[in-house]
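Visitor: Sequence and predicted model, in that order:
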Amino acid sequence: MLSCSIRKSDAGVALSLSDVSKHSGVGGNAGMQISYIYTNPYFMKFGLIGYPLTHSFSKKYFTEKFINLGLTNPNFSYENYPLENVEDLIPLLRSDLFGLNVTIPYKSLVIPFLDEIDPVALQIGAVNTLVKTSTNTWKGFNTDVTAFRLSLENWMTGTPLPKQALILGTGGASKAISHALFSIGIKPSTVSRSGKSNYVYEDLNGNLWHYKNGKKTALTNFSATFWEVKDDIVVWGENNMLYTFSNGEKTQVCTYTPKDYQLKNNVFAFRNLMG
């Protein structure tokens, strides 16, 4: 996550952005520090772009932060800029704004409008922070990745990290989280409505599904009590009964769930141990 420190002097305002990461796991940018001098101390304008922005608390947060820092000049401000189209960003980039945060749906869409992009943000394919580096010149960063990784590592202190994780959504924030998870050895999978992911949401509603040659078949309309796949045979328990799916057909095997069964070499066998 990029932290921001601001120092006022007769020469102007020095703005320092420092990566708080102490690790080298994210793109090799640990310890990154970017400093700029903005010569007019009375026009430090920042803001947030996205659409819609009714959910955002950024304006309130930064306005209170500026007051707490003693930056009470009205031109030291933070505003929301709800942009219905990403092209509406262009006038803002040519204005007297010094920095912008980016939220949905523009974390990836703004990249073509930038002059520079941080290597980590380029790997992720999304930015959430834009900084003016000179007149009408902007550079994009992604602070989501470091913030998420450090938060997760702190939260999991003393607990082994999981091997896998499921991410709901495939937008810009999802890309940053995937990058962070990979960097600490966790394999991510994604879920979306569009299907441009590992899963779609209906896969998570408890149903059991079969995929083969791009064809999707529902095996149950509710959560199976257990299931197993071997040698192209699917076996599951449903309403205390045992079913198999093989060669494109669902078959009820018995009217109870056996306590012992085997799947081997395309043969399914079980014993009646019910007494």
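Guide: Structure's in. What do you need?

Visitor: hey, let's count contacts and neighbours off CA atoms from now on
Guide: Fine.

Visitor: which SS class is the residue nearest the centre of the chain?
Guide: For the chain, the residue nearest the mean C-alpha position is residue 174 (1.9 Å; Cα atoms, centre = their mean). What DSSP: H, G, I helix; E, B strand; the rest coil gives for residue 174 is helix.

Visitor: Confirm for me that it is in contact with residue 167.
Guide: Yes: here residue 174 reaches residue 167: they are 6.7 Å apart, a contact under Cα atoms under 8 Å.

Visitor: ok so, going back, which ones are touching the residue nearest to the centre of the chain?
Guide: Shown in contact with residue 174 (Cα atoms under 8 Å, 6 or more residues apart in numbering): 167-168.

Visitor: and the gap between it and residue 144?
Guide: To residue 144, residue 174 is 9 Å away according to Cα to Cα, to the nearest Å.

Visitor: same deal with residue 93?
Guide: Distance, residue 93 to residue 144, by Cα to Cα: 22 Å.

Visitor: again with residue 101
Guide: Distance of residue 101 to residue 144, computed by Cα to Cα: 11 Å.

Visitor: go on, residue 95?
Guide: 26 Å.

Visitor: quick one, which of the two is more surrounded?
Guide: Between residue 95 and residue 144, counted using other Cα atoms under 10 Å, the more crowded position is residue 144 (23 against 11).

Visitor: need the contact list for residue 257.
Guide: Taking Cα under 8 Å, 6+ apart, we find residue 257 in contact with 237, 240-242.

Visitor: Which residue ranges of the stretch 51-200 of the chain form strands?
Guide: 77-82, 97-102, 116-117, 129-134, 137-141, 164-168, 187-192, 199-200 (DSSP state E, counting those that start in this stretch).

Visitor: which residues of the stretch 1-150 of the chain fall in helices?
Guide: 58-68, 89-93, 119-124, 144-155 (DSSP state H, counting those that start in this stretch).

Visitor: Can you mark which positions in the third one are buried?
Guide: By neighbour count with 16 or more other Cα atoms under 10 Å, helix 119-124 contains the buried residues 120-122, 124.

Visitor: For the residues you listed, give me a markdown table that also has pLDDT and distance to residue 54.
Guide: Compiled in a markdown table, the buried residues of helix 119-124 are given as follows (pLDDT from 0 to 100; distance: Cα to Cα, whole Å):
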| residue | pLDDT | distance to residue 54 |
| --- | --- | --- |
| 120 | 94 | 29 |
| 121 | 96 | 26 |
| 122 | 95 | 28 |
| 124 | 94 | 26 |
